[in-house]
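show me how the following folds:
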Amino acid sequence: LIVRTHNIEHHLWEQQASTCESSLKKIYLKKLAKQLKKYELKSLQHVDGIMAISKSDADFMEKVLSGIPMEIIPTSFATDTKETDYESSDFYFLGAMDWQPNIEGVDWLKSAVLPLITQEVDIHLAGKRMSCEEYAEQPIHCHGEVESATDFIRAHGICLIPIRSGSGIKIKLLENMALGKPIITTNEGARGVNVEHNKHVIIADTPAEFAEAMSRLKKDQNKRIELGTAARSFVIDNFGEEKISNRIFEFITSI
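Alright, predicted model coming up:
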């Protein structure tokens with residue numbers, strides 16, 4: 001029995017508790033995190049091997065578990081063979097809005113970042129369970145749930161990943177990198193992926209930094225091309241399907 005961990009779930013709720021302004025909700029989230037931690041650690045004691053998706057998750061589990069074979073094996077991606085449109089300078093976010101870090105990130109983008117942008121921009125939001133009534137104001141265009149995530153990504157220019165909490169590796173980041181998109185994200189949004197700021201993606205943690213990065217990429221097509229090309233190459237070199245499949249096979253046969 002081998003468990004494939006996509007994140008450490010109780011870490012998500014600990015992070016939510018630490019930033020929660022409501023004292024009553026903070027108490028509830030801390031209790032939930034404690035219950036989840038107990039359940040996760042108890043469950044992991046009964047497996048024969050763990051394939052962690054990121055080093056940070058593996059480091060945590062190695063501290064609290066002993067004697068269980070463990071390997072850090074990230075997810076794999078097939079890179080897009082279609083040519084990326086770098087002329088488009090609009091922005092987009094795609095993510096399920098039944099996941100708290102996505103809700104928190106989009107709200108931060110809307111309330112803290114957008115007021116700092118002085119030039120005209122177009123921002124397209126899409127995702128499962130997205131309530132367009134909450135985002136029905138310029139410069140935001142809400143699409144709700146879309147039929148094809150890949151088609152939506154290809155139709156727009158610059159990817160925004162304003163994630164401020166989470167765990168594990170950020171699949172959203174790698175999906176967009178594989179499609180050769182220029183990306184603006186946070187340190188949390190890039191956590192678990194060894195990307196370099198200003199080479200593979202732009203990392204911006206404050207509203208002012210994020211707004212400045214958006215203004216910069218909107219104006220600079222050459223930088224969009226540079227980032228998108230480097231992002232695709234990074235995925236090919238580190239997350240290619242054949243390379244990851246071989247590592248999974250080697251781990252399973254070693255147990």
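
show me what the longest helix belonging to the chain is packed up against.
For the chain, the helix that runs over the most residues, judged by DSSP state H, is helix 23-44. Applying 3 or more Cβ pairs under 8 Å, 6 or more residues apart in numbering; DSSP states H and E, one finds that helix 23-44 contacts helix 9-19. Backbone N, C-alpha and C define where each C-beta goes, glycine included.

now do the buried residues in the helix it packs on.
Within helix 9-19, the residues that qualify as buried are Glu9, His10, His11, Leu12, Trp13, Glu14, Gln15, Gln16, Ala17, counting by 16 or more other Cβ atoms under 10 Å.

likewise stretch 107-117?
Trp108, Leu109, Lys110, Val113, Leu114, Ile117.

which residues does the fourth one contact?
Translated: Val113. Pro162, Pro207, Phe210, Ala211, Met214 (Cβ atoms under 8 Å, 6 or more residues apart in numbering).

which of those residues are buried?
For the contacts of Val113, a burial check counting by 16+ other Cβ under 10 Å picks out Pro162, Pro207, Phe210, Ala211, Met214.

and the second one, what are its phi and psi?
To tie it back to what came earlier, the one meant is Pro207. Main-chain dihedrals, Pro207, degrees, to the nearest 10: phi -50, psi -40.

name the nearest residue to it, sequence neighbours excluded.
Spatial nearest neighbour of Pro207, chain neighbours left out: Ala112 (4.1 Å); criterion: Cβ to Cβ, 6 or more residues apart in numbering.

got it, and the first one?
If the residues on either side of it in the chain are set aside, Pro162 comes closest to Gly105, at 4.0 Å by Cβ to Cβ, 6+ apart.

please apply the same query to Ala33.
In space, and not counting its chain neighbours, Ala33 is closest to Trp13: 3.9 Å by Cβ to Cβ, 6+ apart.

hang on, that neighbour packs against Leu32?
Yes: because the distance of 5.1 Å satisfies Cβ atoms under 8 Å, Trp13 is recorded as touching Leu32.

any idea how far Arg154 is from the residue nearest to Pro207?
From Ala112 over to Arg154 the distance is 29 Å, taken as Cβ to Cβ, to the nearest Å.

what about this protein, any weak spots by pLDDT?
Counting by pLDDT under 70, the chain shows low-confidence ranges at 80, 167-169.

tell me which residues form a beta bridge with Ile161?
With beta bridges defined as DSSP bridges, Ile161 has these partners: Thr185.

count of neighbours near it?
Residue crowding around Ile161 was assessed by other Cβ atoms under 10 Å; the count is 22.

again with the one 4 residues further on
Applying the criterion other Cβ under 10 Å, we find 19 residues in the vicinity of Ser165.

and what of Gln138?
Around Gln138 there are 10 other residues, counting by other Cβ under 10 Å.

try Asp220
14.

state the distance from the residue nearest the centre of the chain to Glu242.
Closest residue to the average C-alpha location of the chain: Lys170 at 3.5 Å, with Cα atoms, centre = their mean. The span separating Lys170 from Glu242 equals 22 Å under the rule Cβ to Cβ.

same deal with Leu217?
From Leu217 over to Glu242 the distance is 32 Å, taken as Cβ to Cβ.

just Glu71 next, same as before
Applying Cβ to Cβ, the value for Glu71 to Glu242 is 17 Å.

correct me, but Tyr135 touches Lys110?
Yes: between Tyr135 and Lys110 a contact is recorded at 6.9 Å, counting by Cβ under 8 Å.

returning to what we had before: list the buried ones in the one helix or strand the residue nearest to Pro162 maps to?
Assignment of secondary structure by DSSP states H and E places Gly105 within helix 100-108. Judged by neighbour count (16+ other Cβ under 10 Å), helix 100-108 contains these buried residues: Pro101, Asn102, Ile103, Glu104, Gly105, Val106, Trp108.
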